[in-house]
Each structure stands twice: as C-alpha cells, then as structure tokens.
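>>> Next comes the sequence, and after it the predicted model I'd like to discuss.
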There are 2 protein chains.
Amino acid sequence: MKKKKAVVLFSGGLDSTTCLAWALGKGYDCRALSFNYGQRHDRENGAARKIARLLKTPLYGIKLDFPWLKSSSLVDEKKKLPDLAYPEIVSGNVPSTYVPGRNLVFVSIGVSFADSMGAEAVILGPNAVDYSGYPDCRPAFYEALEKAVNLGTQTPSAGKKIRLLTPIMKMSKSRIIRLALKLGAPLEHTWSCYAGGDKPCGKCDSCKLRAKGFEEAGVPDPALR
Amino acid sequence: MKKKKAVVLFSGGLDSTTCLAWALGKGYDCRALSFNYGQRHDRENGAARKIARLLKTPLYGIKLDFPWLKSSSLVDEKKKLPDLAYPEIVSGNVPSTYVPGRNLVFVSIGVSFADSMGAEAVILGPNAVDYSGYPDCRPAFYEALEKAVNLGTQTPSAGKKIRLLTPIMKMSKSRIIRLALKLGAPLEHTWSCYAGGDKPCGKCDSCKLRAKGFEEAGVPDPALR
C-alpha cells in the first residue's frame, strides 16, 4: 500500500522534532518545511537540517522577507527579549515575541505544498498547555483553519481531506519530552532558545519552559551535555 | 478621526485595481501587497507598481520561492496554458493554471501585515461569477478563513476584528469594469494576461474573460489602445 503523504512544519526545536518523529512513527511519507523569517535564532534552521538528515526526511527551507515582522522582539534584535518568571510566561498575555500571523502563514504554505502533491496532512507542533499566550497556539484556531483549508484547495475535490494535525497540542512539556524519548527523536540536536547565541541563554521564555519540562520529566536535557 | 487601515492584495490586474480604488473610495488608509511567486506573467508586478504610484498607495513587493508551484501551468513555462472557449472556462473544473493554495497564502501574508499594525481589513478581488473553477475563489472559503483569522491573531484581543473584504466577489466582469470606470481606476495600466509577452495574448482564459467583460460593458479596453 502506498504511504500517505504529509507536510511537517519543522523548526528544529523540541516540539516540532517530536512531531516529525511522531509522523514518521505513524507511517507518513514526510516532507519537512523550515522557515527563515528573520528570527534572531535562525540557528534553529541548522538544527532542522541536521535532524531532518538523521531522520531521512527531505527538508525544504523557505525564506520569508516580510519587513513588518520587525514588530516582534523575536525578529528585531534591537528589542529586548522578555525575561519573566514561569507563572508570568503562561499568564495568557500576548508576549513581545509574538510574530504577527506566523502560524497562519506557515500552515498556509504547508497547505500549498500539500495541495500540490495530494498530501493528506499538514503536521505541526503548537501547544496550548505550557503556552505563552500566543493566539495562534489555540486549538479553536486550527479547527477553524482546517475548515477553511478544505474549502479553498484542490485536494478535497479528489475525495481527500487535508487535515491539520497538532499531536502535542494538549501535552505538557514533560509529556512531550517523554514521547520524544520513546520515539527515539534526536533531542540532543534540537534548538529552542530564542536568543541568537552559541549556547542556550537559559533566560528566555523558551529556555525556561524547556528546562521546566526536562526537570518534570526527570531526565537531563541532552542538548546541554 | 483617524482613518481605518487596510491591506489590499494587489496584482496590478483589472480586478485588484478595482478593489484598491474601491478601498480608497471607502476611505481606508491602504497598504498594497504584490507577490512574485514565479508566475510567468510577473510583468503584472510592473503594472502594480505603476498603478500604486498613481493611486499614492505604498506598495510592498513580496517574493515567494516555493519550488512545488511548478505544478501549475501559470508558473511552469514548459507547461501549455489552456486555450478553451468561454463556456469551458467557467465549467467549474479546476484548470491547470490553478496555483496550489495561492489565495490562502496571499491572504495569510496580508493578515500578518494587518495584524502587525492593527489594520481592520484585508481586501482582495476573488470572483465567483466569471470564475475559472478555482476552489480559492469561493465565498464560503473566505467566510471560513475570516473566522480562523480572528482566532489566530492578536488584533481581535484589542477589540477589533480583521475582516476579509471581497467587494467584487459577486459581480460580473462587465459590472466590475463599470465600477472601476466610475471610481476612476487607471484601467489603461492594468495587466491581466497569463502569458509572459509584451502584449496581451488574447487567447488565455484571463484575456478571454476580460475581453468579454469589456464587450458586455460596451466600452473599449483602454489597455489595448
């Protein structure tokens, strides 16, 4: 039987690496998409390339040059990254690292790719539990977007649906880590830190959520060895 | 009173030029977005620049380099453009010029821009009457997408909605032309032809729909003078 195709949105971070390993484990024939949108941590794209190679998955790097994304502290290096304690990170306020419409754009490009080859899923790793107040990490957004996608593409006219799969949406960070370890995902090569340095800063929201996850999972972070 | 901001998706063709003139007439403070996605008629972007200048609207040109768009005869110049008679053009079959997920991607990028500056509308010119079977020209698609957009962006948390406005959706081509003339839109600079030549080919779907529109409106096409 021919394998079902999927497009995996893949940043090289812990969450999307888990999603890619999950998709491969489910038997999908995967194509990975990574994005360079001027993020200060474009170093994550190097991690994405390494991990995609290890997982024998073709990776397509997409360059997006949108001048207005400088409104985000994740893109404009002149802006300060937030340095909050844990309860504030998950307060539900939209943080300055929010990139306007980012996941909407990423999913749309993934859907374009999927529609071009009749793939039946776009798989990505937003998370609504340990999340940082990003509106584009809410389950209701993806449910509504999936409806729109299937009205505005060619694939459904051939009797197939394009599904938006968000396998780690409702998992805590520690559960994601345990799933990744079970799937044998190469977490030692993942990159989560928002800052642009050579080593994780340990201070940004992303570093803090990651550290808390490994602590709760009771395992050391293999990327810090 | 401060003017409401809008992002107008603007190809330099007849339909989107009418939409831009409409938006300006409604009093929106407009930013125009044009896209180069490898279309064989990238000449339309030159038309867009000229018209945006005439209408004193800032234009942002966005380059998209998605290798999979070669599946469309509008992008891959080795493929033949369809040469159908009028009833076949509007048969509802998806033609080879369909670009996978194109309008979904364009709207998403427009929404990203709108969300970055708190603009309340993304305005674009799909058309469901004289249309060529493109799934991304259906009203239901835009209704569903608007719902998703307002769940996945920051602007609604400030009490404003981002609306997707499609003012010419239900107009015949001749009605669009009459509206454009009434608004004083510079139709003489618009470019509709899918082929990459110096003059409109007169044979592609887009040329045929345009010619039929001017004929029914009872006016000559000023771009052919």
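Okay, I see it.
>>> can you give me the helices in chain A?
Listed in chain order, the helices found in chain A under DSSP state H are A:14-25, A:43-54, A:86-89, A:102-117, A:139-151, A:173-183, A:205-217.
>>> looking at the ones you listed, which is closest to B:Phe214?
helix A:139-151 (31.2 Å; CB to CB). C-beta coordinates here come from the backbone N, C-alpha and C atoms, glycine included.
>>> buried sites along that closest one?
A:Phe141, A:Tyr142, A:Ala144, A:Leu145, A:Glu146, A:Lys147, A:Ala148, A:Val149, A:Asn150, A:Leu151 (16 or more other CB atoms under 10 Å in any protein chain shown).
>>> Which one of the helices of chain A lies nearest to B:Ser112?
helix A:102-117 (5.4 Å).
>>> same for that closest one, what does it pack against?
Identification of packing neighbours for helix A:102-117 by 3 or more CB pairs under 8 Å, 6 or more residues apart in numbering or on different chains; DSSP states H and E yields strand A:5-9, strand A:29-36, strand A:121-123, helix A:139-151, helix B:102-117.
>>> Turn these into TSV, columns for distance to A:Pro220 and mean pLDDT.
Output for these, formatted as TSV (distance: least, CB to CB, whole Å; pLDDT from 0 to 100):
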stretch	distance to A:Pro220	mean pLDDT
strand A:5-9	27	98
strand A:29-36	27	97
strand A:121-123	28	98
helix A:139-151	31	97
helix B:102-117	38	97
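>>> would JSON lines of those with distance to A:Leu20 be doable?
Below are the helices and strands packed on helix A:102-117 laid out as JSON lines (distance: least, CB to CB, whole Å):
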{"stretch": "strand A:5-9", "distance to A:Leu20": "5"}
{"stretch": "strand A:29-36", "distance to A:Leu20": "6"}
{"stretch": "strand A:121-123", "distance to A:Leu20": "8"}
{"stretch": "helix A:139-151", "distance to A:Leu20": "18"}
{"stretch": "helix B:102-117", "distance to A:Leu20": "22"}
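>>> re earlier: filter the buried residues of helix A:139-151 down to the ones near chain B?
Applying CB under 8 Å from any CB of the partner chain to those, one finds that A:Phe141, A:Ala144, A:Leu145, A:Lys147, A:Ala148, A:Val149, A:Leu151 fall near chain B.
>>> pretty sure the last one is touching B:Pro135, no?
Pointing back at A:Leu151 there. Yes. With contact defined as CB atoms under 8 Å, A:Leu151 reaches B:Pro135; the gap is 7.0 Å.
>>> overlap in contacts of the two?
B:Phe141 (CB atoms under 8 Å, 6 or more residues apart in numbering or on different chains).
>>> Does A:Gly61 touch A:Asp42 like I think?
No. A:Gly61 is beyond contact range of A:Asp42, at 10.3 Å (criterion: CB under 8 Å).
>>> Can you work out which residues contact both of these two?
By CB under 8 Å, 6+ apart, the residues touching both A:Gly61 and A:Asp42 are A:Asn36.
>>> beta partners for A:Asn36?
Applying DSSP bridges to A:Asn36 gives these bridge partners: A:Lys63.
>>> Counting neighbours, what do you get for A:Lys3?
Using other CB atoms under 10 Å in any protein chain shown, A:Lys3 is surrounded by 10 other residues.
>>> Next, the contact list for it, please.
A:Gly27, A:Tyr28, A:Asp29.
>>> Just send these back as a markdown table, with distance to chain B too.
What follows is the contacts of A:Lys3, written out as a markdown table (distance: CB to the nearest CB, whole Å):
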| residue | distance to chain B |
| --- | --- |
| A:Gly27 | 22 |
| A:Tyr28 | 17 |
| A:Asp29 | 15 |
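>>> out of these, who has the most neighbours?
Going by other CB under 10 Å, A:Tyr28 tops the contacts of A:Lys3 with 22 neighbours.
>>> Go ahead and confirm that one touches A:Val122.
No. With contact defined as CB under 8 Å, A:Tyr28 does not reach A:Val122; the gap is 10.9 Å.
>>> what residues do the two have in common as contacts?
Joint contacts of A:Tyr28 and A:Val122 (CB under 8 Å, 6+ apart) are A:Ala6.
>>> do stretch A:53-60 and chain B meet at all?
Yes. On the criterion CB under 8 Å from any CB, stretch A:53-60 is in touch with chain B at A:Tyr60.
>>> residues of that stretch that come out buried?
Those would be A:Leu55, A:Thr57, A:Leu59, A:Tyr60, for stretch A:53-60 by 16+ other CB under 10 Å.
>>> go on, stretch A:69-82?
Neighbour-count burial for stretch A:69-82 flags A:Leu69, A:Ser71, A:Ser72, A:Ser73, A:Leu74, A:Val75, A:Leu81, A:Pro82 (criterion: 16+ other CB under 10 Å).
>>> so where's chain A shaky on pLDDT?
Along chain A, the model assigns pLDDT under 70 to residues A:1, A:85-92, A:130-132.
>>> Give me the nearest residue to A:Ala32, chain neighbours excluded.
A:Phe10 (4.0 Å; CB to CB, 6 or more residues apart in numbering or on different chains).
>>> Equivalent analysis for A:Lys5, please.
Per CB to CB, 6+ apart, closest to A:Lys5 is A:Ala119, 3.7 Å.
>>> Can you get me a residue count around the one you found?
The burial count for A:Ala119: 24, using other CB under 10 Å.
>>> wait, it sits on A:Ala23?
No. A:Ala119 is beyond contact range of A:Ala23, at 11.1 Å (criterion: CB under 8 Å).
>>> Name the residues contacting each of those two.
A:Ala6.
>>> who's in contact with A:Asp29?
Applying CB under 8 Å, 6+ apart, the residues near A:Asp29 are A:Lys3, A:Lys4, A:Lys5, A:Ala6.
>>> Nearest residue to A:Ile177 in space, ignoring adjacent ones along the chain?
A:Ala217 (4.4 Å).
>>> how about that neighbour, what does it touch?
By CB under 8 Å, 6+ apart, the residues touching A:Ala217 are A:Lys173, A:Ser174, A:Arg175, A:Ile177, A:Arg178, A:Leu181.
>>> at 10 Å instead, please
A:Ser172, A:Lys173, A:Ser174, A:Arg175, A:Ile176, A:Ile177, A:Arg178, A:Leu179, A:Ala180, A:Leu181 (CB atoms under 10 Å, 6 or more residues apart in numbering or on different chains).
>>> now, among those, which is nearest to A:Ile109?
Using CB to CB, A:Ile176 is the member of the contacts of A:Ala217 that lies nearest A:Ile109, at 23.9 Å.
>>> isn't the closest one right next to A:Thr166, touching?
No. Using CB atoms under 10 Å, A:Ile176 is not in contact with A:Thr166; the gap is 12.0 Å.
>>> okay, and the common contacts of those two?
A:Cys19, A:Gly125, A:Asn127.
>>> count of neighbours near the last one?
By the other CB under 10 Å criterion, the neighbourhood of A:Asn127 contains 19 residues.
>>> Return the distance of it relative to A:Leu209.
9 Å (CB to CB, to the nearest Å).
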